[in-house]
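A.B. asks: this is a predicted model, with the sequence first.
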Amino acid sequence: MQGIKVGHPRQTDLTHKKLRAADEISRSLTISTFLMERHRSVGGERDNPGFDSTLDEPPVYQEADHRTVRPSVVSAFGHDTLDRVPNIDFYRNAGSVSGHRAVRPSLQELHNVFQKVSACLRSCYFLSAIPSDAKGGTIKFGWIRGVLVRCMLNIWGVMLFIRLSWIFGQAGWGLGIVVIVLSCVVTTITGLSMSAICTNGVVRGGGAYYMISRSLGPEFGGSIGLIFAFANAVAVAMYVVGFAETVVELLKDNDLLMVSEINDIRIVGCITVVLLLAISVAGMEWEAKAQILLLIILLVAIVNVFVGTFIPVTDRKKSEGIFNYQSNIFLENFTPDFRDGESFFSVFAIFFPAATGILAGANISGDLRDPQAAIPKGTLLAILITGVTYLGVALSATVVRDATGNATDIITAGMVCNGSSVAACELGYDFSSCAVEKSGLSNSLLHHGRSPFATLSSALASLVSAPKVFQALCKDNIYKILHFFAKGYGKNNEPIRGYVLTFIISVAFILVGNLNVIAPIISNFFLASYALINFSCFHASYAKSPGWRPAYKFYNMWLSLAGALLCCVVMFVINWWAALLTYAIEILLYVYVKVKKPDVNWGSSTQAVTFVSSVSNALSLSGVEDHVKNFRPQILAMTGSARSRPALLDLAHSLTKNYGLCIACEVFEVRFYCYPIICILFNNQLWLRKSKRKAFYSAVACNSFREGAESLLQASGLGRMKPNTLMIGFQRNWRTAGVLEWCRHSLFAFHSDALDFEYGTVILRTNHGLDVSHIVEAEVLLPLSLIHSSFVVSFSLSVSVCGPPLQQDDKMNEKLLEASSQFKKKQPKGTIDVWWLFDDGGLTLLLPYILTTRKKWKDSKLRIFIAGQPGRCEQDKQEMKSLVEKFRINCTDINVIDSINVPPKYLHKLEDMIEPFCLHEASRDTAQAGAMRKEHPWKITDQELSTFEEKTNLQVRLNEVLQEHSKSANLIIVSMPIARKESVSDFLYMAWLDILTKDLPPTLLIRGNHKSVLTFYS
């Protein structure tokens, strides 16, 4: 029943010794844990070169003139102290690569009685946290080369040179500008959200995946990270095929095809991917140089676009629909002219993939010198520059929609223009029979001459992004099967394995993939990332966590939410089935990660919102009065350690499941208590979570067990989320425990206190007992959050903290262990016998009904037994049947027992049980009897036995009736007898409970607080 085992005095002394031994071992292993963490952090090779170990030595309390002086703090306070001044090194993570991690003195070291710390611990106050595989001379990029250049190359890409003219030809420059502005709105909102997220702390490698996972948690991050990396890998194939098509077109024009058009595209594409892979594997420095070269070529091409509009055109150019600036062309191209079934949304869907390049810089966040400054500045400036460029091209009013390319199609005197553009007609050309459809406003020279470089820049950026994001995902070990790809090589930790995987994927799609089908899916993958980035910003702001302090202030949570919704809408605009497929894949991955429960804790906004929602709901409940229809058992289970009484915990868990509160409790007496309670709380809650028992653990340390129990009864829970039912195990050792120990740990006193606080009370008894603490090997898990570490060290003690009996029988232990798991497994077909003898508000009937609704107990049927008067059994049965039907509780049988009032046959069993505790003062004179009662106030007097003779006989008789009717039941529920305070002694009451439940299947004694928990009203 209690946290400290009560037993024979000799056993108790042994227990105390073992407790002290356990504490000494745990203290020594705390030091070992420090050393293990230090060795793991530095690879066992290096120490912090800037650390002077003497500065961490605890002060030596000697005469003032000879005290050890600590320069690190003496200059600030004028005296030596173990306390440290605030320093950034105390706040670094274990894996920090930007500095050394330091460990400040713990609260226990400052607050507890001073003890000189050993030299091995002294040297561990400062831990070097540089990973052992860190290499010197890493290459980091600034915001221009690292972010601005990459984003501009990706956003311009193929769209500017291949598809933009077609878009303006279809939509006109009026709606074309709307398409561009709408795309820029989506990307700008996403850029603002991304800027807020990446300035709310240090950003490591992984780009979009890193930001989403650290904001929304591993479920969202793991799902989007995988599809985002895959999207970049397939995007490499798309861009390379675009380049290969242009090259093959040139080969075709010059009759230089190698095999066939489609096979030549595959050959050129594979060769191109190999070359791009070589550049990427060579290192980020070479890749950055290649990007700069491509940027120069693209800038020259873009300048050429605008310069070409001012060059006087030849007759050949005019026949192709290219003129200088003309107001009539400008006005005519303003209106849309959708053809071939195109619409605004289809045109927008074609253009928007150009906007998917804004994450190109963020994707290499691990290679940026200062990601927090580079990503916002580079990304937003890239959006501005590229947006202005697209708008500038849109306003180039020099090309008509339709042209024949035939120099002889000119207007002669008397000719009437039929079907051609009015502007061309006014300029003297008749394009009514078009040989060439220009459908755009760009220069044809650039269309054929510069687009290959645009596709190469995008392909190279995607080839770098995919492995970087994938490597970050694999390092977090969310998908354990992919951890092979986490390893990096070289000074920049290059993901060579990721490069190879990306190469294989891209080549596979070049050879066999239908890119026209894949393209909308890839665009939707990118958009899903955008949506989650925006939602991450909104979610973190909505949670109002004190940890959400972004340095970038130009964002708005509602604007981010609008951006997330806009991204979702755009996904369906681009392709509805691709959007549905994207959501389906993301949901499947989310569920997979949720089920696997990766052992990570990044302080996500999901945790913050869960906390805020919990507080809000608890406050809302506090303003609502309890109603009988909403009553559910909220159980305070006195299990001791969470693993000490598994049968008690399992039965409590079956009653509450996921729908009620269950708290496993333990009381430590201060004179025995020697281990930090925060460690015990951590260990037990961890065990509950690992064993999938939906319960909380609570422990208190008090001067006595009863004080602790009263504290738990009064203070457990929060608001309406408070326990209303106490569940304890039957105290089997009540006859063998010492009198002093029994008085301190009396179950009767505890039960009496619970009734005073209006708790319903449940006592569980099994034949083999409940406590398995002497069998379970004591495991002490030190939470390294207490000692500034990030992993848990587990070790075993050779002693039992709970004090086992001096001798143990193996067979009995096996039976006890088997019995301890009986409520964890599915129950066989049988019955739950409910002996509802006294009306306690209905708790005695409600709890077994709840059990029958659980999967483990579904094969157990309810049988109800009631006490009846002789001669009216049938009437009593019908009345009970009517009541149960009104309660809508199914039971297989109702039995009326009219022989309970018969004198018991085996009263001697109880007499033998209480004989050692009887005072026998009736045979003495008054003075002697008074002296005996004063000397032994806890003993059962003859007067007490006489007063409660009928009630005592009733318990014996009930056991005989239970033996007769319920010997084969899976579980027996019996109304618990109640004793008036200061009238019945502890030992007599325990004898009642003992004889009532003796030699029976698992038995629950239940007594409600006499407030209705059942109702037949709607």
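C.D. replies: Received it, and whenever you're ready, just let me know what you need. Predicted, not measured: the structure shown is a model, and the values here were computed from it.
A.B. asks: give me the below-cutoff pLDDT ranges for the stretch 751-900 of the chain.
C.D. replies: 777-810 (pLDDT under 70).
A.B. asks: now the strands for it?
C.D. replies: In the stretch 751-900 of the chain, the segments counted as strands under DSSP state E, counting those that start in this stretch are 760-765, 779-782, 793-796, 830-835, 860-867, 893-897.
A.B. asks: got JSON lines for these, with distance to Leu456 and mean neighbour count too?
C.D. replies: Any C-beta I mention is one placed from the backbone N, CA and C, and that applies to glycine too. Shown next, in JSON lines, are the strands of the stretch 751-900 of the chain (distance: least, Cβ to Cβ, whole Å; neighbours: other Cβ atoms under 10 Å):
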{"stretch": "strand 760-765", "distance to Leu456": "73", "mean neighbour count": "24"}
{"stretch": "strand 779-782", "distance to Leu456": "54", "mean neighbour count": "18"}
{"stretch": "strand 793-796", "distance to Leu456": "52", "mean neighbour count": "12"}
{"stretch": "strand 830-835", "distance to Leu456": "74", "mean neighbour count": "24"}
{"stretch": "strand 860-867", "distance to Leu456": "71", "mean neighbour count": "21"}
{"stretch": "strand 893-897", "distance to Leu456": "82", "mean neighbour count": "17"}
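A.B. asks: just put these in TSV and tack on distance to Asn703.
C.D. replies: Below are the strands of the stretch 751-900 of the chain laid out as TSV (distance: least, Cβ to Cβ, whole Å):
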stretch	distance to Asn703
strand 760-765	24
strand 779-782	25
strand 793-796	31
strand 830-835	39
strand 860-867	43
strand 893-897	46
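A.B. asks: nearest to His539, out of the ones you listed?
C.D. replies: Closest to His539 of these, according to Cβ to Cβ: strand 779-782, at 32.3 Å.
A.B. asks: give the next helix or strand downstream of the host helix or strand of Gly169.
C.D. replies: Secondary structure assigned from DSSP states H and E places Gly169 in helix 164-198. Beyond helix 164-198 in the direction of the C-terminus, DSSP H and E gives the next helix or strand as helix 207-216.
A.B. asks: what does that next one contact?
C.D. replies: If you take Cβ atoms under 8 Å, 6 or more residues apart in numbering as the criterion, helix 207-216 is touched by 194, 197-198, 201, 203-204, 206, 220-222, 224-225, 228-229, 359, 362-365, 465, 468-469, 472-473, 476, 529, 532-533, 535-537, 539-540, 602-606.
A.B. asks: and the strands in the protein?
C.D. replies: Secondary structure of the chain (DSSP state E): strands at 101-102, 126-127, 635-637, 662-669, 696-702, 725-729, 760-765, 779-782, 793-796, 830-835, 860-867, 893-897, 971-975, 1003-1007.
A.B. asks: save those strands as CSV, and put in distance to Ala235 too.
C.D. replies: Shown next, in CSV, are the strands of the chain (distance: least, Cβ to Cβ, whole Å):
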stretch, distance to Ala235
strand 101-102, 38
strand 126-127, 42
strand 635-637, 55
strand 662-669, 50
strand 696-702, 48
strand 725-729, 59
strand 760-765, 62
strand 779-782, 46
strand 793-796, 45
strand 830-835, 62
strand 860-867, 59
strand 893-897, 70
strand 971-975, 62
strand 1003-1007, 63
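A.B. asks: returning to that earlier point: figure out which of the strands of the stretch 751-900 of the chain is closest to Ala290.
C.D. replies: strand 793-796 (47.8 Å).
A.B. asks: what pairs with Phe667 across the strands?
C.D. replies: You called it Phe, but residue 667 is Val. Legend: beta-bridge partners of Val667 under DSSP bridges are Val700.
A.B. asks: doesn't Ser698 make contact with it?
C.D. replies: No: at 9.8 Å, Val667 does not count as touching Ser698 under the criterion of Cβ atoms under 8 Å.
A.B. asks: more neighbours: the two, which one.
C.D. replies: Taking neighbours as other Cβ atoms under 10 Å, Val667 and Ser698 compare with Val667 leading, 26 against 20.
A.B. asks: quick one: that one and Asn813, what's the gap?
C.D. replies: 25 Å (Cβ to Cβ, to the nearest Å).
A.B. asks: now do stretch 193-212, average pLDDT.
C.D. replies: The average of the pLDDT scores along stretch 193-212 is 87.
A.B. asks: which among the contacts of helix 207-216 count as buried?
C.D. replies: The neighbour count (16 or more other Cβ atoms under 10 Å) marks 194, 197-198, 203-204, 206, 220-222, 224-225, 228-229, 359, 362-365, 465, 468-469, 472-473, 476, 529, 532-533, 535-537, 539-540, 602, 604-606 as buried among the contacts of helix 207-216.
A.B. asks: can I get stretch 894-903 in PDB, CA atoms only?
C.D. replies: Provided in PDB are the C-alpha atoms of stretch 894-903 (Å, rounded to 0.1, in the frame of the first residue of the first chain):
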ATOM      1  CA  ILE A 894     -29.700 -11.300 -10.700                       C
ATOM      2  CA  ASN A 895     -29.500 -13.400  -7.600                       C
ATOM      3  CA  VAL A 896     -31.200 -12.700  -4.300                       C
ATOM      4  CA  ILE A 897     -29.400 -14.300  -1.300                       C
ATOM      5  CA  ASP A 898     -31.800 -14.700   1.700                       C
ATOM      6  CA  SER A 899     -29.400 -16.800   3.900                       C
ATOM      7  CA  ILE A 900     -26.900 -14.100   4.800                       C
ATOM      8  CA  ASN A 901     -28.400 -13.700   8.200                       C
ATOM      9  CA  VAL A 902     -27.700 -17.300   9.100                       C
ATOM     10  CA  PRO A 903     -25.000 -17.700  11.800                       C
END
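A.B. asks: which residues does it contact?
C.D. replies: For stretch 894-903, contacts defined as Cβ under 8 Å, 6+ apart pick out 863-871, 873-874, 876-877, 880-881, 884, 953-954, 957-958, 961, 965.
A.B. asks: how about a cut-off of 7 Å?
C.D. replies: 863-870, 873, 876-877, 880-881, 953, 957-958, 961, 965 (Cβ atoms under 7 Å, 6 or more residues apart in numbering).
A.B. asks: now swap in stretch 578-592 and tell me
C.D. replies: By Cβ under 7 Å, 6+ apart, the residues outside stretch 578-592 that reach it are 219-220, 222-224, 226-227, 520-521, 524-525, 528, 571-572.
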